[in-house]
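J.: The following comprises the amino acid sequence and a computationally predicted model.
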Amino acid sequence: MGPSPSASAGQTSRQKTSATAARRASLDKPGTVPFMVEKVRQSAHWTTAASVAESIKEMRSIATFKGARIEEIGDSSFTAHFGSKMTYRLWGVFLKRGSKAVPFKVSVVATALAVGGVDITATGESDEGGFIIYRIELATRLLNERISDVLNALQPGSERYA
């Protein structure tokens, strides 16, 4: 059934959801790839007594040990990419090769405190790429586990190299 006769031209009786509106907006921008599923996100926040340079250096080495490709390196921040979009899409999460390759990224920002020490914020989010229409529950659970594992390893006092 189409729009009601009382609706003005260009309006329909159904209301767009915010997710649908966001998808349509991303399709309207040239050169952008639309994201069809909501990203899995986690964050962690802590302070440490070490300097900014020491903290970033230690966290980069932990991320590399966990299998990350370090990109976007700055003096007080970095972004670590984990997994592989291509392997994830080819093998899925049901096979071992695909389940180890769930793609996500972790961004770390360290800020020096006036009283000494460093304030660190780490944010992890899924990074499957565009045009993913549906994500099964197993993939969401694996992403949550992998992101949580990396965020816990980055924090001081954890079993970092386990």
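T.: That came through, no problem. Numbers count the residues shown, from 1 in each chain.
J.: Look up how far residue 141 lies from the spatially most central residue of the chain.
T.: By C-alpha atoms, centre = their mean, the chain has its centre lying nearest to residue 125, at 1.4 Å. Distance of residue 125 to residue 141, given as C-beta to C-beta, to the nearest Å: 16 Å. From N, CA and C alone the C-beta is placed, and that goes for glycine too.
J.: go on, residue 57?
T.: Note on residue 57: its distance to residue 141, by C-beta to C-beta, is 32 Å.
J.: ditto for residue 111
T.: Note on residue 111: its distance to residue 141, by C-beta to C-beta, is 32 Å.
J.: repeat for residue 68
T.: To residue 141, residue 68 is 21 Å away according to C-beta to C-beta.
J.: In terms of neighbours, single out the busier of these two.
T.: Neighbour comparison, residue 68 and residue 141: the larger count goes to residue 68, with 20 against 13 (by other C-beta atoms under 10 Å).
J.: contacting residues for the residue nearest to the more buried one when sequence neighbours are not counted?
T.: Excluding its sequence neighbours, the residue lying closest to residue 68 (C-beta to C-beta, 6 or more residues apart in numbering) is residue 80, at 3.6 Å. Residues in contact with residue 80 (C-beta atoms under 8 Å, 6 or more residues apart in numbering) are 60, 63-64, 68-71, 105-108, 150.
J.: Where does pLDDT dip in this structure?
T.: Along the chain, segments meeting pLDDT under 70 span 1-35, 158-162.
J.: give me that answer again for 90
T.: 1-39, 71-75, 84-102, 116-117, 127-140, 156-162 (pLDDT under 90).
J.: the helices in it, which residues?
T.: 18-28, 52-65, 85-91, 96-99, 137-154 (DSSP state H).
J.: Quick one: closest of those to residue 129.
T.: Set against residue 129 and scored by C-beta to C-beta, those come closest in helix 85-91, at 4.7 Å.
J.: Using CSV, list the CA coordinates for that closest one.
T.: Below are the C-alpha coordinates for helix 85-91, written out as CSV (Å, rounded to 0.1, in the frame of the first residue of the first chain):
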residue,chain,number,x,y,z
LYS,A,85,38.6,-8.3,6.5
MET,A,86,39.2,-10.5,3.5
THR,A,87,39.8,-13.7,5.5
TYR,A,88,36.8,-12.9,7.7
ARG,A,89,34.6,-12.5,4.6
LEU,A,90,36.0,-15.6,2.8
TRP,A,91,36.0,-18.0,5.7
